[in-house]
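1. Fold the following for me, if possible:
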Amino acid sequence: MMGALIVGICIGGAILLIATLGLILIGIIRASKTGGLSQKDKQTQTQETKMIQDIYHGLSKMEERVEALETILIERQKKEFHK
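-> Here you go, the predicted model:
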């Protein structure tokens, strides 16, 4: 009776070990194929990247406008100073 119990525990442990290793292997394969991100996470990351790029381009344009305004103000001050 004791021998059968020990054999059963060993077989059950082996099955759990094989199942665990299989799940780990499947997880590693899925992570390597998708880069570790789900499709939803990739879409969210893409949208965030696009928003950040839009903000960057908007700030660059704003910087150009501010520089143009500064130039205009400096030229006006020079004209008023020379009068």
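
2. So which elements touch the helix or strand harbouring residue 32?
-> Assigned by DSSP states H and E, residue 32 belongs to helix 2-34. Here helix 2-34 touches no other helix or strand, going by 3 or more C-beta pairs under 8 Å, 6 or more residues apart in numbering; DSSP states H and E. For the C-beta atoms, the positions are set from N, CA and C on the backbone; glycine is no exception.

3. can you give me the angle the helix or strand just after that helix makes with helix 2-34?
-> The element immediately downstream of helix 2-34 (helix or strand, assigned by DSSP H and E) is helix 39-82. Orientation of helix 39-82 against helix 2-34 (axes from the mean of the first three to the mean of the last three C-alpha atoms, to 10 degrees) gives an angle of 30 degrees.

4. same for helix 39-82, what does it pack against?
-> Looks like helix 39-82 contacts no helix or strand (3+ C-beta pairs under 8 Å, 6+ apart).

5. which residue is nearest the middle of this structure?
-> Nearest to the geometric centre of the chain sits residue 45, at 5.0 Å (C-alpha atoms, centre = their mean).

6. pLDDT (mean, whole number) over the helix holding residue 32?
-> In this model, helix 2-34 has an average pLDDT of 89.

7. tell me how far it is from the chain's mean position?
-> 32 Å (C-alpha atoms, centre = their mean, to the nearest Å).
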